[in-house]
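Participant: structure of the sequence below:
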Amino acid sequence: MSLPLAMGALAAPRTYRLTTTSHMRMNEAEEHNVYHTVARQTLLERKPNNTYRLAIEVLSFEAEKPSFFTALAADLNQVSNSLIIQTDIYGRLERIDNKAEMLKTWQRIKSGVVKKYAKQYSKAFFDAFERNIQVDGVFEKTLRHKGVHGVLLPGLYGYGYTPEAPVTTRRVLEQFINQVDLPLLMTTTAQHASSTDNDLDLQVTGALNEAAFRDDDLLRLFRAMADNPQLKVTLSAASTESYRLDSLTGWLRTAKQHLLAEVPGIYRNETQHELQTVD
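Facilitator: Numbering: from 1, shown residues only. The predicted structure follows:
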């Protein structure tokens with residue numbers, strides 16, 4: 001067994017470019033889009049208990065097909081574009097430490113955002129958004145294992161990786177479909193890349209954790225949406241991921257994530273992320 005993988009300090013922050021391809025279908029409604037995000041990550045502290053304190057700043061966000069919903073997301077995401085994040089020992093997002101600054105940002109932009117979307121959303125919608133910033137653990141659910149934060153903080157640290165010993169872990173994508181969580185069983189296999197001795201490649205496959213999945217919650221959700229109490233609902237989910245890291249510093253160089261979750265004939269959610277280092 002090799003030493004556990006850990007993140008070490010860099011002399012400067014690292015900037016990444018993320019390309020996200022999203023394909024969503026619900027019954028007859030379908031949406032396909034590509035998003036481009038540039039983000040900067042800074043390691044602020046590696047604590048004695050081997051957890052991390054990080055700054056993640058979203059420097060730019062662009063949708064190839066702008067829409068009402070991408071505009072709304074961009075406006076609301078002003079609140080979370082600059083975060084101080086505390087991780088667990090595996091490098092997964094545990095909590096956001098600058099909620100006070102997030103709330104100040106929201107209070108500064110709130111009146112303009114509420115006015116802009118007054119015809120589509122009531123004030124109660126934005127009041128709920130404000131509460132979610134303040135309640136412990138709620139806003140974290142919207143970021144953990146999702147988007148740029150999910151790619152940068154997938155939970156790779158704290159394990160000793162060797163090619164002959166795959167690592168099995170559990171992951172939960174909270175509120176994946178409305179309020180229904182998506183639990184996955186992940187298997188990670190390591191190999192040293194051929195480019196340099198310092199590169200570590202991790203290949204990850206994921207499958208639905210059926211023992212932890214609340215299929216009754218999903219069944220109620222889709223039957224209510226379809227107004228059909230006899231509707232048959234069977235969800236399948238699978239993911240593949242690959243990461244290239246500097247084995248000496250533990251920092252990501254590149255990453256790919258692909259996730260497909262589907263209820264045949266009713267629902268399909270396919271997302272692919274590709275991360276590259278800018279500098």
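
Participant: doesn't His32 make contact with Thr20?
Facilitator: No: look at Thr20 against His32 with CB atoms under 8 Å: they stay out of range, at 11.7 Å. For every residue, glycine as well, the C-beta is placed using N, CA and C.

Participant: now Val34: closest residue in space, sequence neighbours ignored.
Facilitator: Setting aside the residues directly before and after it, Val34 is nearest to Glu64 in space (CB to CB, 6 or more residues apart in numbering), at 4.3 Å.

Participant: what count of nearby residues applies to the one you found?
Facilitator: The tally of other residues near Glu64 (other CB atoms under 10 Å) stands at 12.

Participant: as a quick check, tell me the outermost residue of this structure.
Facilitator: With CA atoms, centre = their mean as the measure, the chain has its most outlying C-alpha, relative to the mean C-alpha position, at Gln230: 33.5 Å.

Participant: helices and strands around the host helix or strand of Asp75, which ones?
Facilitator: Using DSSP states H and E, Asp75 sits within helix 68-76. Judged by 3 or more CB pairs under 8 Å, 6 or more residues apart in numbering; DSSP states H and E, the packing partners of helix 68-76 are helix 99-116.

Participant: what pLDDT, on average, does the helix it packs on get?
Facilitator: Mean pLDDT, helix 99-116: 97.

Participant: about what we covered before: for the residue nearest to Val34, give me phi and psi.
Facilitator: Main-chain torsions, Glu64, degrees, to the nearest 10: phi -70, psi -30.

Participant: is it true that it touches Ser22?
Facilitator: No: Glu64 lies out of contact with Ser22 (CB under 8 Å); the separation is 10.5 Å.

Participant: show me where the stretch 51-200 of the chain has helices.
Facilitator: In the stretch 51-200 of the chain, the segments counted as helices under DSSP state H, counting those that start in this stretch are 68-76, 99-116, 123-134, 138-143, 147-152.

Participant: just checking, what packs against the fourth one?
Facilitator: In terms of contacts (3+ CB pairs under 8 Å, 6+ apart), helix 138-143 is packed against strand 93-96, helix 123-134, strand 167-177.
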